[in-house]
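Enquirer: Sequence plus predicted model, see below.
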Amino acid sequence: MSASRLFSPLPDLIAQRGNSEDYPENTLPALRSALELGARHLQFDVQLTADRRPVLLNDANLKRMAGLNRNALEMTWRELVEIAVTEPERFGDKYSDIGVPMLAQAASLLGTHPAVTAFVEIKRASLRVFGAEVVVRKICEVLKPVVRQCVLVSRDLTAVHQVRQLSSCRVGWILSEYSNLSALKSEALVPDYLLCDHELLTETNAQLWRGPWRWAIHNVTSREAAAQLATRGARLVGTTSFRKVLREFRSARAS
């Protein structure tokens, strides 16, 4: 078997939460680093502050990111801007002055890279606190200048429907389970993208559901796994080890 046959096809890579291998996730340094490495697709998470400001943050609680046992959704932007999000358990004291970015800052950065697509995840914690209409409206307002570069995604179907009502943005549904029921819901929703953690794919060789959507599989850690998923129908794979997997991709394509 030839090298090109062995190493192809390879899907496109998504830098999950930026270059979160080298920098605290969902921060501007992580996003900038991923772009500098050549990322064509980014993914980041969005929550709302108490005063309804969209910010990049995965966990509502700041314990993991800042070593602070506080709920960011109960803090105003003025309070949150004072907090350093340095992932102390992972990076120790390597970083000391990285803060929670506003979604507007990420959108501004995205606008300087017009060929890049961003998967913007609307987190359930904010949806529960503020309601889908408020959260989606606030996010869509900020992303309006870069709407063509964005895909708004969520595990919450109500939020996905709200995006369609309020914006021309492409949408994606993140599966909580890879099941027949989810397949039926996908056929009814007809999203632009279906997203799924690779660990939910229990069958190792079966083709992913066919439809008008594109598949993006998250938390992929190697070129081998990415190539196998591509043969099943995945067009994109997301990784939190972006530098490592990108290096493997480039090595394979050079062979």
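Expert: That came through fine. Model, not experiment: these values are computed from the prediction. Numbers count the residues shown, from 1 in each chain.
Enquirer: separation between the residue lying closest to Thr27 once chain neighbours are set aside and Ala226?
Expert: Excluding the flanking residues, the one nearest Thr27 by CB to CB, 6 or more residues apart in numbering is Ile98, at 5.0 Å. Bear in mind the C-beta positions are built from the backbone N, C-alpha and C, glycine included. Using CB to CB, to the nearest Å, Ile98 is found at 29 Å from Ala226.
Enquirer: So the two - more neighbours on which side?
Expert: A direct count of neighbours by other CB atoms under 10 Å for Ile98 and Ala226 places Ala226 higher, at 26 against 20.
Enquirer: and the residue nearest to that one when sequence neighbours are not counted, which of the three is it?
Expert: Residue nearest to Ala226 in three dimensions, not counting chain neighbours: Val237, with 4.6 Å by CB to CB, 6+ apart. Using DSSP: H, G, I helix; E, B strand; the rest coil as the criterion, the local structure at Val237 reads strand.
Enquirer: Touching the strand or helix carrying Arg247 from outside, list them.
Expert: Taking DSSP states H and E as the definition, Arg247 sits inside helix 242-254. Residues lying outside helix 242-254 but in contact with it, judged by CB atoms under 8 Å, 6 or more residues apart in numbering, are 7, 10, 13, 15-16, 18-22, 34, 37-39, 220-223, 226-227, 239.
Enquirer: switch the cut-off to 10 Å
Expert: The contact list for helix 242-254, computed with CB atoms under 10 Å, 6 or more residues apart in numbering, reads 3-4, 6-8, 10-22, 30, 33-34, 37-39, 42, 220-227, 237-239, 241.
Enquirer: can you give me the offset of it from its chain's centre?
Expert: For helix 242-254, the gap between its own C-alpha mean and the chain's C-alpha mean amounts to 20 Å (CA atoms, centre = their mean, to the nearest Å).
Enquirer: Go through it and flag the buried ones.
Expert: Across helix 242-254, burial judged by 16 or more other CB atoms under 10 Å covers 242-243, 245-246, 248-249, 252.
Enquirer: Give me the next element, helix or strand, following the host helix or strand of Arg128.
Expert: Counting by DSSP H and E, the element that carries Arg128 is helix 124-130. Where DSSP H and E defines the elements, the next helix or strand beyond helix 124-130 is helix 132-143.
Enquirer: so what secondary structure elements neighbour the next helix or strand after that next one?
Expert: Moving toward the C-terminus from helix 132-143, the first helix or strand encountered (DSSP H and E) is strand 150-154. The helices and strands touching strand 150-154, judged by 3 or more CB pairs under 10 Å, 6 or more residues apart in numbering; DSSP states H and E, are strand 41-48, strand 117-122, helix 132-143, helix 157-166, strand 170-174, strand 193-197, strand 214-218.
Enquirer: So in that sheet, which strands flank strand 150-154, and in what orientation?
Expert: The partner list of strand 150-154 in its sheet, established with DSSP bridges, is strand 117-122 (parallel), strand 170-174 (parallel).
Enquirer: average model confidence for it?
Expert: On average, the pLDDT along strand 150-154 is 98.
Enquirer: what's the angle from that strand to helix 132-143?
Expert: Angle of strand 150-154 versus helix 132-143, following axes from the mean of the first three to the mean of the last three CA atoms, to 10 degrees, is 160 degrees.
Enquirer: out of the strands paired with strand 150-154, deepest packed?
Expert: Comparing the strands paired with strand 150-154 by mean neighbour count (mean count of other CB atoms under 10 Å), strand 117-122 ranks first with a mean of 24.
Enquirer: picking that back up, quick one: distance of the helix holding Arg128 to the chain centre.
Expert: 17 Å.
Enquirer: what residues does that helix touch?
Expert: So helix 124-130 is in contact with 45-50, 52, 54-55, 57-61, 71-74, 132-139, 154-156, 158-159, 162, 174, going by CB under 10 Å, 6+ apart.
Enquirer: And those residues, which of them are buried?
Expert: Those of the contacts of helix 124-130 that meet the buried threshold are 45-50, 54-55, 57-60, 72-73, 132, 135-139, 154-156, 159, 162, 174, by 16+ other CB under 10 Å.
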